[in-house]
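Colleague: build me a model from this:
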Amino acid sequence: MAVMTMARAWRAKMVGALALAALVLPSKAPAAHVLFTLDTGADVLAFTLPQAPTPSPGVVTTDYFGFWNLDATLNDTPVVIELIQFWAGGFARGGFDARINSALSFHANGPQLYSGPTNSPTFLTGSFTTRGGALSIESVGAAVPEPGAWALMILGFGGVGAVVRVRRSRTLSIEAQAAAHPC
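Modeller: Residues are numbered from 1 along each chain as shown. Below is the predicted model of the structure:
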């Protein structure tokens, strides 16, 4: 009977630990990223953003959103895009403007490149024809589980192992009692 009580107490502790871990540890996986590559024929501009980004403060209206100081490459040379703005509607229907500095900008006027509102956009993937050149937007890398997800997984494996061990010891205990007290 003492073994049964200990097993119940252990199970209660495991359920409590799992419930606490689920509440305390983050469960949302990191956002996937997308790689933008604009080939103008003379230059290739490439940069990465989260697929569902949070736009920079001060660069969001009902017509467009943007980001300040975005790392990028221009012809495989690292550069910083001072300001990039994505928009929908108007004459060009959509696209983006990327300003590297006061003398160098890229314009990808064409289709809308995101879905959702400007304060919570989600970038589309695929190949697009723009007035600025050929644009591709592709997903890069799979989402990596958060440390909390790993902790829950390891805790689960430990719980399964403990249950198997308790059942095995209980089975052996019953067999030992049966052998000690034959009918």
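
Colleague: the bottom helix or strand of this protein by mean pLDDT?
Modeller: helix 2-24 (a mean of 62; mean pLDDT, DSSP states H and E).

Colleague: where does the chain have low pLDDT?
Modeller: 1-7, 9-10, 12, 14-31, 90-92, 142-146, 164, 166-176, 178, 182-183 (pLDDT under 70).

Colleague: quick check: domain ranges of it?
Modeller: What automatic domain parsing lists as the domains of the chain is 2-27+145-180, 33-140.

Colleague: helix or strand next in line after the least confident helix or strand of the chain, which one?
Modeller: For helix 2-24, the following helix or strand on the C-terminal side (DSSP states H and E) is strand 33-39.

Colleague: that next one: which residues count as buried?
Modeller: Buried positions in strand 33-39, judged by neighbour count with 16 or more other CB atoms under 10 Å: 33-34, 36-38. Bear in mind the C-beta positions are built from the backbone N, C-alpha and C, glycine included.

Colleague: could I get these as TSV with distance to residue 11?
Modeller: Shown next, in TSV, are the buried residues of strand 33-39 (distance: CB to CB, whole Å):
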residue	distance to residue 11
33	41
34	45
36	51
37	54
38	58
